[in-house]
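[1] here are the coordinates; sequence isn't available:
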């Protein structure tokens, strides 16, 4: 008698033979007939990886395989789980998507609670004396939104790391939410091992297999950090795309930290309570590309793309990473959900050195042009006024206009590239920002896929202390949606099916508990699964 799991695998093979290829790329897709997991590294291999540069060729090959092969599980579908497809009054059944940078899963219990148990979450939130009854009511609404998501995209997810109690966070959350999952490794965390191995005699290495060493449990430590896509829809295929390296997290972190960087780190901790730690790692930024079987799609597939762009680089560096990713997904003919942490702060968090700071000003034509302008127009305080105006213009809105020298916005070109991009089938990302399809009826660019506020967008990231929101709050987590197109309506976005609606930032879900769950808030998006609908009616439903 054929088992259910074998029968399911045969069905997947049959369906996959009838559907078109998802994209044109040389990067391998891993089509699913069973669970998949690449080999992880043993603790002595991790010690070698931390201490030896370059690592031995066989170890480098094993590392490369780990960094390009996703962990995949379709267990939820094999057990009979089906999508919730919640019903929204003006739209009918919908596909709801959530994205959340969960800060490695350091508060995994609270993340799981937010996704699974509103009553317990709200009971815990009532202990927060700063919350009003109105706040709790909004938190309950946000929890309902989050818990109805059939696709969950997660950034900064640990597996086998001490700070998260060696948990496999992606697998734990997938099991709790009854979802399939794909997990991709971004980095191998080697900080403690590197610092310990500096003092470790070569003869001692064979004896590290028992007991705790470097403050780590060798039997449990894997050191993986990455991203994940969880789904109640079956996973048809998945691949990892390594992005251009804009910061070398091994060699540059190993270097001694300069005095000015130490000063900056002290200032950051004092002002914003942010501890910027040295992070010795192997790996680099990447994106997960996942094909999910969604019958309502014109192709039967929705492609989910989850990038995490580099924070230790300039806006130009992030733009280069994004354009490399767009080249990888150019051939995708399915509807696309592009979502993740884009780090669109308008600046680089890269460690400061005196040489880099000097060269930055020497090479920056904007800096010198401003000096000339303020010399020609010797108005007291003019430079400070321009800086204040530009800060307010860009604050919470990395899509704001860019006027070099006076009113610059270095993040704007990334959004221009996304807006101009065309897939091979002439599909494009929705930038319309339809007022009727947006949360609270706010219009303008991207308003239907990302929540707008009275000024710019609702922030998704904040430092611990923001001085009543005056500094340190950013919109860096985003949704971008390529809607389905057909031969009859090529590249049009007026069909409601799988077009973006009600993009929302769930601030209270993240901040209601003490301490807050993550430094990022979750965001959600609603994609109708059927019909040519009039989204203007939605204004009155929220």
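    Yes, it's here. Everything numeric in this text was worked out from a predicted model, so none of it was measured.

[2] Now the residue most central in space within the chain: which helix or strand?
    Closest to where the C-alpha atoms of the chain average out (CA atoms, centre = their mean) is residue 340, at 2.7 Å. Assigned by DSSP states H and E, residue 340 belongs to strand 336-341.

[3] so what secondary structure elements neighbour that strand?
    In terms of contacts (3 or more CB pairs under 8 Å, 6 or more residues apart in numbering; DSSP states H and E), strand 336-341 is packed against strand 92-104, strand 151-159, strand 301-307, strand 477-482, strand 523-528. Any C-beta I mention is one placed from the backbone N, CA and C, and that applies to glycine too.

[4] May I see these organised as TSV, with distance to residue 318, mean neighbour count and mean pLDDT added?
    Shown next, in TSV, are those (distance: least, CB to CB, whole Å; neighbours: other CB atoms under 10 Å; pLDDT from 0 to 100):
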stretch	distance to residue 318	mean neighbour count	mean pLDDT
strand 92-104	15	23	97
strand 151-159	14	26	98
strand 301-307	10	25	98
strand 477-482	12	26	98
strand 523-528	19	26	97
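
[5] I'd like the ones you listed as a markdown table, with distance to residue 44 appended.
    Output for the helices and strands packed on strand 336-341, formatted as a markdown table (distance: least, CB to CB, whole Å):
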| stretch | distance to residue 44 |
| --- | --- |
| strand 92-104 | 24 |
| strand 151-159 | 19 |
| strand 301-307 | 32 |
| strand 477-482 | 38 |
| strand 523-528 | 41 |
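
[6] what's the closest of those strands to residue 440?
    strand 523-528 (13.8 Å; CB to CB).

[7] what mean pLDDT would you report for stretch 106-123?
    Mean pLDDT, computed over stretch 106-123, is 98.

[8] And that stretch, end to end?
    The first and final residues of stretch 106-123 sit 21 Å from each other (CA to CA, to the nearest Å).

[9] how about that stretch: buried residues?
    Residues of stretch 106-123 classed as buried by neighbour count (16 or more other CB atoms under 10 Å): 106-108, 110-116, 118, 121-122.

[10] Turn those residues into JSON lines, columns for secondary structure and distance to residue 279.
    Shown next, in JSON lines, are the buried residues of stretch 106-123 (DSSP: H, G, I helix; E, B strand; the rest coil; distance: CB to CB, whole Å):
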{"residue": "106", "secondary structure": "coil", "distance to residue 279": "15"}
{"residue": "107", "secondary structure": "coil", "distance to residue 279": "20"}
{"residue": "108", "secondary structure": "helix", "distance to residue 279": "20"}
{"residue": "110", "secondary structure": "helix", "distance to residue 279": "24"}
{"residue": "111", "secondary structure": "helix", "distance to residue 279": "22"}
{"residue": "112", "secondary structure": "helix", "distance to residue 279": "26"}
{"residue": "113", "secondary structure": "helix", "distance to residue 279": "28"}
{"residue": "114", "secondary structure": "helix", "distance to residue 279": "27"}
{"residue": "115", "secondary structure": "helix", "distance to residue 279": "28"}
{"residue": "116", "secondary structure": "helix", "distance to residue 279": "31"}
{"residue": "118", "secondary structure": "helix", "distance to residue 279": "35"}
{"residue": "121", "secondary structure": "helix", "distance to residue 279": "31"}
{"residue": "122", "secondary structure": "helix", "distance to residue 279": "36"}
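
[11] Between those residues, which sits nearest residue 281?
    Closest approach to residue 281 among the buried residues of stretch 106-123 (CB to CB): residue 106, at 17.0 Å.

[12] wait, isn't that closest one in contact with residue 162?
    No - Residue 106 is beyond contact range of residue 162, at 10.9 Å (criterion: CB atoms under 8 Å).

[13] Strand 301-307 and the strand holding residue 340, what's the angle between them?
    If you take axes from the mean of the first three to the mean of the last three CA atoms, to 10 degrees, strand 336-341 sits at 20 degrees to strand 301-307.

[14] Distance from the chain centre to strand 336-341, please.
    Centroid separation for strand 336-341 versus its chain: 8 Å, with CA atoms, centre = their mean, to the nearest Å.

[15] any idea of the angle it forms with strand 92-104?
    30 degrees.

[16] orientation of strand 336-341 relative to strand 151-159 in degrees?
    Angle of strand 336-341 versus strand 151-159, following the same axes, to 10 degrees, is 40 degrees.

[17] What lies in contact with stretch 123-140?
    Defining contact as CB atoms under 8 Å, 6 or more residues apart in numbering, one finds that stretch 123-140 is touched by 113, 118, 121-122, 508-509, 512-514.

[18] Try it again at 6 Å.
    508, 512-514 (CB atoms under 6 Å, 6 or more residues apart in numbering).

[19] low-confidence ranges in the stretch 151-300 of the chain?
    Applying pLDDT under 70 to the stretch 151-300 of the chain picks out residues 198-211, 256-277.

[20] and residue 423, which of the helices and strands packed on strand 336-341 is closest to it?
    strand 477-482 (6.5 Å).

[21] in its sheet, what does the very next helix or strand once past the closest one sit against?
    Following strand 477-482 in sequence order, the next helix or strand is strand 501-505 (DSSP H and E). If you go by DSSP bridges, strand 501-505 pairs up with strand 523-528 (antiparallel).

[22] Would you map the strands across the stretch 151-300 of the chain?
    151-159, 180-189, 224-231, 235-242, 281-283, 286-293 (DSSP state E, counting those that start in this stretch).

[23] Turn the ones you listed into CSV, columns for distance to residue 334.
    Converted to CSV, the strands of the stretch 151-300 of the chain look like this (distance: least, CB to CB, whole Å):
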stretch, distance to residue 334
strand 151-159, 14
strand 180-189, 16
strand 224-231, 14
strand 235-242, 10
strand 281-283, 28
strand 286-293, 7
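
[24] Most tightly packed of those?
    Sort the strands of the stretch 151-300 of the chain by mean neighbour count, taking mean count of other CB atoms under 10 Å, and strand 224-231 sits at the top with a mean of 28.

[25] chain center to that one: distance?
    For strand 224-231, the distance to the chain centre is 9 Å (CA atoms, centre = their mean).

[26] Mind listing the strands it pairs with, and their directions?
    By DSSP bridges, strand 224-231 pairs with strand 151-159 (antiparallel), strand 180-189 (antiparallel).

[27] The longest one relative to strand 235-242, how many degrees between them?
    Computed by the same axes, to 10 degrees, the angle separating strand 180-189 from strand 235-242 equals 20 degrees.

[28] Mind listing residues that contact strand 180-189?
    66-67, 70-74, 76-77, 161, 170, 174, 223-231, 235, 238, 240, 281-283, 286, 288, 290.

[29] rerun at 7 Å
    Here strand 180-189 makes contact (CB atoms under 7 Å, 6 or more residues apart in numbering) with 49, 66-67, 70-77, 157, 161, 170-171, 174, 223-231, 234-235, 238, 240, 249, 281-283, 285-286, 288, 290, 308.

[30] Phi first, then psi, for the closest residue to residue 499 other than its chain neighbours.
    Nearest residue to residue 499 in three dimensions, chain neighbours excluded: residue 483, at 4.5 Å (CB to CB, 6 or more residues apart in numbering). Main-chain torsions, residue 483, degrees, to the nearest 10: phi -80, psi 160.
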